[in-house]
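Enquirer: Build me a model:
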Amino acid sequence: MNIEYPISVTVNGTRYDRDVEPRLLLSDFLRHDLGLTGTHVGCEHGVCGACTVLFNGQPVRSCLMFAVQADGQEVTTVEALGTPDDLHPIQEAFLEAHGAQCGYCTPGFFMTLVPFLEENPDPTEEEIREAIAGNLCRCTGYQHIVDAVKLAAAKLGS
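Expert: This next block holds a predicted model:
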């Protein structure tokens, strides 16, 4: 017998009322129940950062949270950042500075960087490297990502 609990969560500005099993992960709720597949699931242990979303404005690992924990809260996913025709400055910077390779980890980087650059609009390279330390990329040596963050900071500051 499956027991479900009602939740009401605002995702990317839209309120969703759903009944969910208590064991359903937030990442799975976003991907499978809401169809927001930009939130990627990598390690399922909170180590890689691919599943990072904003929870009430703060980056969290959605693979470490249950959907029921989002009841009454606000979640922002990468789908809220921009569109192919109107990229967010962080997305533009990653494109221009070649910060994305395969792209699997990229949404997690974006969602980590949104609040970081809001709080620190002119970061040093050391601060950038510390901010992205929880996001793993298997395709790059991170220099292009650091360059992209610097460029994004400049774009956001102009």
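Enquirer: Residue 6 should be in a strand, yeah?
Expert: Yes - applying DSSP: H, G, I helix; E, B strand; the rest coil, one finds residue 6 inside a strand.
Enquirer: So what pairs up with it in the strands?
Expert: Judged by DSSP bridges, the bridge partners of residue 6 are residue 19.
Enquirer: any idea of the mean pLDDT in stretch 147-158?
Expert: Averaging pLDDT along stretch 147-158 yields 95.
Enquirer: which other residues reach that stretch?
Expert: 89-90, 92-94, 96-99, 113, 117, 121-123, 125, 128, 131-132 (CB atoms under 8 Å, 6 or more residues apart in numbering). C-betas here are computed from N, CA, C, even on glycine.
Enquirer: and if we set it to 10 Å?
Expert: With CB atoms under 10 Å, 6 or more residues apart in numbering as the test, stretch 147-158 has contacts from 88-100, 106, 109-110, 112-114, 116-118, 120-125, 127-129, 131-132, 142.
Enquirer: And stretch 2-12, by the same measure?
Expert: 15-24, 26, 29-30, 33-34, 36, 53-54, 56, 66-81.
Enquirer: repeat that with 8 Å
Expert: So stretch 2-12 is contacted by 15-22, 30, 34, 36, 67-68, 70-77, 79-80 (CB under 8 Å, 6+ apart).
Enquirer: Tell me the buried residues within those.
Expert: 16, 18, 20, 30, 34, 36, 67-68, 70, 75-77, 79-80 (16 or more other CB atoms under 10 Å).
Enquirer: Can you list which of these are found in strands?
Expert: Judged by DSSP state E, strands contain the following of the buried ones among the contacts of stretch 2-12: 16, 18, 20, 75, 76.
Enquirer: List the buried residues of stretch 83-101.
Expert: Buried-residue list, stretch 83-101, by 16+ other CB under 10 Å: 88, 89, 90, 91, 92, 93, 94, 97, 99, 100.
Enquirer: Correction: the previous question concerned stretch 2-16.
Expert: Buried, per 16+ other CB under 10 Å, within stretch 2-16: 7, 9, 11, 12, 16.
Enquirer: just how off-centre is it within its chain?
Expert: 19 Å (CA atoms, centre = their mean, to the nearest Å).
Enquirer: Render the CA-only coordinates of that stretch in PDB, please.
Expert: Extracted C-alpha coordinates of stretch 2-16, given in PDB (Å, rounded to 0.1, in the frame of the first residue of the first chain):
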ATOM      1  CA  ASN A   2       1.500   3.300  -1.100                       C
ATOM      2  CA  ILE A   3       0.900   6.200   1.200                       C
ATOM      3  CA  GLU A   4       1.000   9.600  -0.400                       C
ATOM      4  CA  TYR A   5       1.100  13.100   1.100                       C
ATOM      5  CA  PRO A   6      -0.300  16.300  -0.500                       C
ATOM      6  CA  ILE A   7       2.200  19.000  -1.200                       C
ATOM      7  CA  SER A   8       2.000  22.400  -2.700                       C
ATOM      8  CA  VAL A   9       5.300  23.700  -4.100                       C
ATOM      9  CA  THR A  10       6.100  26.700  -6.300                       C
ATOM     10  CA  VAL A  11       8.600  25.800  -9.000                       C
ATOM     11  CA  ASN A  12       9.800  28.500 -11.300                       C
ATOM     12  CA  GLY A  13       7.000  30.700 -10.300                       C
ATOM     13  CA  THR A  14       4.200  28.200 -10.900                       C
ATOM     14  CA  ARG A  15       2.400  26.500  -8.000                       C
ATOM     15  CA  TYR A  16       2.000  22.700  -8.200                       C
END
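Enquirer: Thanks again, I'm all set now.
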